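Novice: turn this into a structure:
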Amino acid sequence: MPVRARSASPPRTNPTSALRLAATAVVLAATALGPTPALAAPQPPPPPPPCSNETAPPPPVDTSEVPPPGVASPEPLPVPEKPVGGDRLGECAGPVLPEGAPAPPPEVSAASWILADVTSGEVLAARDSHARHRPASAIKVLTALVAIRDLNMSDTLVATQADADQEGSRVGLHPGVTYTVEQVVTGLLMQSGNDAAHALAMKLGGPEVMTARMNELAHHLGALDTRAATPSGLDGPGMSSSAYDLALVFRAAMQRPEFARAINTQHTVLPGPPGQPLEVWSDNAVLLNYAGALGGKTGFTDDARHTFIAAAERDGRRIVAVLLRGENQPLRLSSQTMRLLDYGFTLRGRVGELVAEGALEPTTETAPVVPVQNVEPPHRDPAFGTVGGPLTLAAAAAVALLGVVGVRQRRARRAAAARRESAKVPADHP
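Specialist: Down below sits the predicted model:
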C-alpha cells in the first residue's frame, strides 16, 4: 500500500518519569504561589512599514543568517537606478493600479504582492513589488528551473541519508532508492521537499554549485533583487528576492513543459523501499481548490513568514499572483491568493512589464554569494562561565548542542505546521 508523503517533523521524545515529576513539582509550586497570567501564543511580527525594504529584507528573528566564523555577512544587492519593469513598479507607498481600476481586495494583507499576465508579461497591479523579502520555499521555482535546464530529466540519482536528514519539509526520499530527476523535481514542487532540493544540488555538484547557478540565472532573467543562499529556501546569509522577481522567474519556468507539468500535478506515486511506494499530494491549496489553477509554490520560514506563488487560467488569460511576507490573517494566505487572482482577472491595462529574458544589460554587479552549510549560532559565553576546567567545558558543550538542536527542531516544526495549514481546504473562499 502506498505511503502518503507529508511534511516531516523531528521525532518526539517520550518524557521520563523524572521529568514528569519535575514538571509536576513546578506546577504545584506555581499553584502555591498563586495564579499566573495565561501564556499567550507567539504573535507574528508586525508588517514592515511601506518603503522600508527597498535594499534589504527585514532583520532576521533567529540565527539562521549568521555566517560561519571569519566570514562577513554579504552586502545587500545593488539597487538598480531605474526599477526593473517600469517606473511605476518603483512606487512603494500603496497599491500600484491601472487608471480607473477598483481597489484590491481588503483581505490581502501581504506586505508585497504582484499580479502579472503569464503570456504577455504585462504587470496588472502590484504593491511594493521590488521590496526585498526572503522567499522561503518559493525560491524552489528557481531551483527547479536550474535543474530542468542543466540536467536530463530521465537521468537518475540515488537518494542518500544526507538528503533524508534535511530539516523542514520533506517529500520522503528514501536512502538507497533510485529516482529520476523528473521525479525529484516533481517532489520538490509538490511537497516542497528540502530533501529533493538537496538531492538535485548534489547531482549538480553540491549546494554551492546549485546556488551559484541559481543566482547566475536570476541575474540573466533580470531578477536583480534575488540572491539564493540555499537551494531549498531555508534562510541563509544574504537571502533575498522580491514579488517582481519571483513572478519573472515563474513566467520563465512556465515556458518549460517539464516545469508546467510538475507544478500542475496534484497527485503522484514515487518509488520507495520494496513494497512501499510513496504517495505524494500537492501542498498547494490553490491548485487543489481554485478553478483553472495552473499550479504554484508555497513557502514559510520564521524570517520570511508566509510566501505564495499561484497561477490560473480563465477565458484564455493566464495570470500569476505572488505574495511575500504574508500572515494567515485575516484569511489564510492561500485564500488571500485566490482573492487576488479573482481581482486580477477583472483588471485591464498595465502598470509595468516582466522583462524579457536577457533584456537587461548588466549595469551593476551582483554581490557575491556566500555559500553556507551547517551554519551554527554565534558563540556566546558558556552558561557555567569561562572557567572551571573540563567539567565546565563539557557541560557547556552539552547545553550548546541541546540549544542548537532545539532551535532547529522548533524551526522545522513551525515550518511543517505552517505548510500543513496552507494545504487545508480554504473554507473562507467562496
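
Novice: mind checking how far the residue nearest to G272 when sequence neighbours are not counted is from F259?
Specialist: Among residues not flanking G272 along the chain, L278 sits closest, at 4.4 Å (Cβ to Cβ, 6 or more residues apart in numbering). From N, CA and C alone the C-beta is placed, and that goes for glycine too. For L278, the distance to F259 equals 21 Å [Cβ to Cβ, to the nearest Å].

Novice: what's the neighbour count on R149?
Specialist: Per other Cβ atoms under 10 Å, the neighbour tally for R149 reads 14.

Novice: helices or strands up against the host helix or strand of it?
Specialist: Using DSSP states H and E, R149 maps to helix 140-150. Contact analysis of helix 140-150 by 3 or more Cβ pairs under 8 Å, 6 or more residues apart in numbering; DSSP states H and E lists helix 181-190, helix 194-204, helix 207-221, helix 243-254, helix 257-263, strand 293-301 as its packing neighbours.

Novice: of these, which approaches S232 most closely?
Specialist: Checking these against S232 by Cβ to Cβ gives helix 194-204 as the closest, at 3.9 Å.

Novice: now do that closest one and helix 207-221, the angle between them.
Specialist: Orientation check (axes from the mean of the first three to the mean of the last three Cα atoms, to 10 degrees): helix 194-204 against helix 207-221 gives 90 degrees.

Novice: elements contacting helix 194-204?
Specialist: helix 140-150, strand 156-158, helix 161-164, helix 181-190, helix 207-221.

Novice: if we go to 7 Å?
Specialist: Using 3 or more Cβ pairs under 7 Å, 6 or more residues apart in numbering; DSSP states H and E as the contact test, the elements touching helix 194-204 are helix 140-150, helix 161-164, helix 181-190, helix 207-221.

Novice: buried sites along the first one?
Specialist: Neighbour counts over helix 140-150 (16 or more other Cβ atoms under 10 Å) mark 140-148 as buried.

Novice: restricting to C-alpha, output it in CSV.
Specialist: Provided in CSV are the C-alpha atoms of helix 140-150 (Å, rounded to 0.1, in the frame of the first residue of the first chain):
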residue,chain,number,x,y,z
LYS,A,140,12.3,26.4,-5.3
VAL,A,141,10.8,27.6,-8.6
LEU,A,142,14.3,28.8,-9.4
THR,A,143,15.9,25.6,-8.1
ALA,A,144,13.6,23.6,-10.3
LEU,A,145,14.3,25.8,-13.3
VAL,A,146,18.1,25.3,-12.9
ALA,A,147,17.7,21.5,-12.6
ILE,A,148,15.5,21.3,-15.7
ARG,A,149,17.9,23.5,-17.7
ASP,A,150,21.1,21.7,-16.6
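
Novice: and stretch 169-187, what's its mean pLDDT?
Specialist: For stretch 169-187, mean pLDDT rounds to 98.

Novice: now that stretch - C-alpha only, PDB.
Specialist: Extracted C-alpha coordinates of stretch 169-187, given in PDB (Å, rounded to 0.1, in the frame of the first residue of the first chain):
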ATOM      1  CA  SER A 169       9.500  19.900   4.900                       C
ATOM      2  CA  ARG A 170      10.500  16.700   3.000                       C
ATOM      3  CA  VAL A 171       8.800  14.700   0.300                       C
ATOM      4  CA  GLY A 172      10.200  11.500   1.700                       C
ATOM      5  CA  LEU A 173      13.100  10.400  -0.500                       C
ATOM      6  CA  HIS A 174      14.400   7.100   0.900                       C
ATOM      7  CA  PRO A 175      18.100   6.500   1.200                       C
ATOM      8  CA  GLY A 176      19.300   3.900  -1.300                       C
ATOM      9  CA  VAL A 177      16.300   4.300  -3.600                       C
ATOM     10  CA  THR A 178      16.800   5.400  -7.200                       C
ATOM     11  CA  TYR A 179      14.800   8.200  -8.600                       C
ATOM     12  CA  THR A 180      14.700  10.000 -12.000                       C
ATOM     13  CA  VAL A 181      15.500  13.700 -12.000                       C
ATOM     14  CA  GLU A 182      11.900  14.300 -13.100                       C
ATOM     15  CA  GLN A 183      10.500  12.500 -10.100                       C
ATOM     16  CA  VAL A 184      12.700  14.500  -7.700                       C
ATOM     17  CA  VAL A 185      11.800  17.800  -9.400                       C
ATOM     18  CA  THR A 186       8.100  16.900  -9.100                       C
ATOM     19  CA  GLY A 187       8.600  16.100  -5.400                       C
END
